[in-house]
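Participant: Pasting the sequence and the predicted model now:
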Amino acid sequence: MNLHASLTHPNLSHWAERTDLAAAFRWTVKLNLHEAVANHFSLAINPEGTRFLINPNGRHFARITASSLVEIDAGDPDTMNRPDAPDPTAWGLHGSIHRALPHARCVMHVHSMHATVLASLADSTLPPIDQNSAMFFGRQVIDGNYGGMAFENEGARCAEMLHDPKITTMIMGNHGVLIIGKSVADAFNRLTYFERAAETYIRALQTGKPLRVLSDEVAEKTAQEWEAYPAFSDFHLTEIKALLDEEGATYAQ
């Protein structure tokens, strides 16, 4: 399927990366983490991280295909004059991050329900109350200075907060969540686990009972174990693509 599609679109490079990213968009819909035609995923495709793939402007996540992804250059000042120019907030946020942070290979931003509830609390910290939430211990930053939609100034401000390569997650106060990963598989795995962990935390708060919070030592040990877990995120994405293929999904076109 992928080979046939890549032969059909001979002028498109990075086909494996395109299919991975398109699959992530499709599965985000199945998990109901998407929002209308908003939110964006991007993937750097050069060593400097400045050239990247991103979803086309105004396209629903359920209709993203490998060939529809737009390749842009964070250093090109004429990007927004292109006929296939990305959404202005996609350019503002993702362009700023890829321009400034070579380690940010894959960037995923959503306004998913539980992540956004967490981002709406006065204290938006996700504490390590279980194995899943421990994944993010010491690897999250909270943006408490929301300044409006993520056009270029706001995007550059957010990028400044992500310089530490250890940070994988930005809880965007009054906004949503942004995940950084080494690959599509890495970022998407973290995105799904963050939403699950945020839901667990919110449901725990709703009981009104004291929380059982892990010690810093155990939380950090668990976070490192997640990072070293062999091929877990790759298996996750491989299975997602297999399930989509069984359904006859068109993501790899």
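Facilitator: That came in fine, so what should we check first?

Participant: how would you label the residue minimising distance to the centre of the chain: helix, strand or coil?
Facilitator: The residue at the geometric middle of the chain, judged as the C-alpha nearest the mean C-alpha position with C-alpha atoms, centre = their mean, is residue 108 (1.8 Å). With DSSP: H, G, I helix; E, B strand; the rest coil as the basis, the three-state label of residue 108 is strand.

Participant: How about residue 162?
Facilitator: When the rule is three-state DSSP, residue 162 gets the label coil.

Participant: coming back round to it: and the residue nearest to the centre of the chain, how far is that from residue 96?
Facilitator: Residue 108 sits 15 Å away from residue 96, taking C-beta to C-beta, to the nearest Å as the criterion. All C-beta atoms are positioned from the backbone trio N, CA, C, and that covers glycine.

Participant: now do residue 61
Facilitator: Separation of residue 61 from residue 96 (C-beta to C-beta) stands at 22 Å.

Participant: Helices of the stretch 51-200 of the chain, start to end?
Facilitator: Remark: helices of the stretch 51-200 of the chain, listed N- to C-terminal, are 88-90, 96-100, 113-119, 131-134, 152-160, 184-206; assignment by DSSP state H, counting those that start in this stretch.

Participant: Mean neighbour count and distance to residue 145 added to those, as JSON lines?
Facilitator: Output for these, formatted as JSON lines (neighbours: other C-beta atoms under 10 Å; distance: least, C-beta to C-beta, whole Å):
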{"stretch": "helix 88-90", "mean neighbour count": "20", "distance to residue 145": "17"}
{"stretch": "helix 96-100", "mean neighbour count": "23", "distance to residue 145": "15"}
{"stretch": "helix 113-119", "mean neighbour count": "21", "distance to residue 145": "13"}
{"stretch": "helix 131-134", "mean neighbour count": "21", "distance to residue 145": "24"}
{"stretch": "helix 152-160", "mean neighbour count": "18", "distance to residue 145": "8"}
{"stretch": "helix 184-206", "mean neighbour count": "21", "distance to residue 145": "21"}
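
Participant: got JSON lines for those helices, with mean pLDDT and distance to residue 35 too?
Facilitator: Formatted as JSON lines, the helices of the stretch 51-200 of the chain follow (pLDDT from 0 to 100; distance: least, C-beta to C-beta, whole Å):
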{"stretch": "helix 88-90", "mean pLDDT": "96", "distance to residue 35": "12"}
{"stretch": "helix 96-100", "mean pLDDT": "97", "distance to residue 35": "20"}
{"stretch": "helix 113-119", "mean pLDDT": "98", "distance to residue 35": "9"}
{"stretch": "helix 131-134", "mean pLDDT": "98", "distance to residue 35": "23"}
{"stretch": "helix 152-160", "mean pLDDT": "94", "distance to residue 35": "18"}
{"stretch": "helix 184-206", "mean pLDDT": "98", "distance to residue 35": "13"}
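
Participant: Residue 67 is nearest to which of those?
Facilitator: Nearest of these to residue 67, taken as C-beta to C-beta: helix 184-206 at 16.2 Å.

Participant: Any idea how far the closest one is from the middle of the chain?
Facilitator: Put simply, helix 184-206 sits 12 Å off its chain's centre (C-alpha atoms, centre = their mean, to the nearest Å).

Participant: Which residues does the helix or strand following that helix contact?
Facilitator: Downstream of helix 184-206, the next assigned helix or strand under DSSP states H and E is helix 216-228. Helix 216-228 is touched from outside by 128, 131, 134, 135, 136, 137, 138, 139, 214, 232, with contacts defined as C-beta atoms under 8 Å, 6 or more residues apart in numbering.
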